[in-house]
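1. Predicted model and sequence below, questions to follow.
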Amino acid sequence: MQEGYARTSMDRVSAEAGVSKQTIYSHFRDKEGLFKALIERLTIACFESVFNLENLPGEPAILLRQVGEFYLTKVAENPDYVGLLRLIITESQSFPELAKLYTQTVVQRGRQILVKYFECHPELSIADPEAMAHIFFGSLNSYVIVQEILYGNEVMFLSRDRLLNTLINVVMSQSLA
């Protein structure tokens, strides 16, 4: 993540890891496989360690707060994750396949899980679960990008609690409409 995707060679990765290049290739097949494993380690594996992704339990307001707080504290405060997100954004024009890989591995998967949760909770009266899941995770991602990558913490601070309270109110208000 220090040098970017294009400038990082598998020779350098193997030297930094203290293993042979063949060892790297036998575990990850190629540089894209290594990058995918990095994405999964920093995002999916971290999330799965806390939540059962096949069956999210709990009352909607409580679960949504847990998901939001987890994302904003355990994922977004991780300098490796913020570095990964910065790298993906920076390299997306030159390497669109990396951005697509991140979108498929992280964004699409997270959205599908939340869509399924919303569909299993008809009491929420969410007319478009996919759009609402996009709004939920999009808000969290936007917060991280603006506050952590674009220095919003210094320019236009917004507390995490304020964001989460408002975001959860938006989701929960669907059932009142």
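-> Cool, the structure landed. Everything numeric in this text was worked out from a predicted model, so none of it was measured. Numbers count the residues shown, from 1 in each chain.
2. where are the low-confidence patches of this structure?
-> 1, 44-55, 177 (pLDDT under 70).
3. Let me see the contact set for the residue of it positioned farthest from its centre.
-> Residue distances from the centre of the chain (Cα atoms, centre = their mean) peak at Ser20, which lies 30.9 Å from the mean C-alpha position. Taking Cβ atoms under 8 Å, 6 or more residues apart in numbering, we find Ser20 in contact with Ser14. (C-beta placed from N, C-alpha, C; glycine too.)
4. Distance check, it against Arg162.
-> Distance, Ser20 to Arg162, using Cβ to Cβ, to the nearest Å: 50 Å.
5. what's the answer for Tyr102, then?
-> Separation of Tyr102 from Arg162 (Cβ to Cβ): 27 Å.
6. Name the next helix or strand downstream of the host helix or strand of Asn141, please.
-> Under the criterion of DSSP states H and E, Asn141 resides in helix 129-144. Downstream of helix 129-144, the next assigned helix or strand under DSSP H and E is helix 152-155.
7. which residues sit against that following helix?
-> 146-147, 158.
8. Take those and write them to CSV, including neighbour count and distance to Thr166.
-> Output for the contacts of helix 152-155, formatted as CSV (neighbours: other Cβ atoms under 10 Å; distance: Cβ to Cβ, whole Å):
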residue, neighbour count, distance to Thr166
Val146, 15, 15
Gln147, 22, 15
Leu158, 13, 10
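9. Among those, which one sits closest to Glu130?
-> Of all the contacts of helix 152-155, Val146 has the smallest distance to Glu130: 23.7 Å, by Cβ to Cβ.
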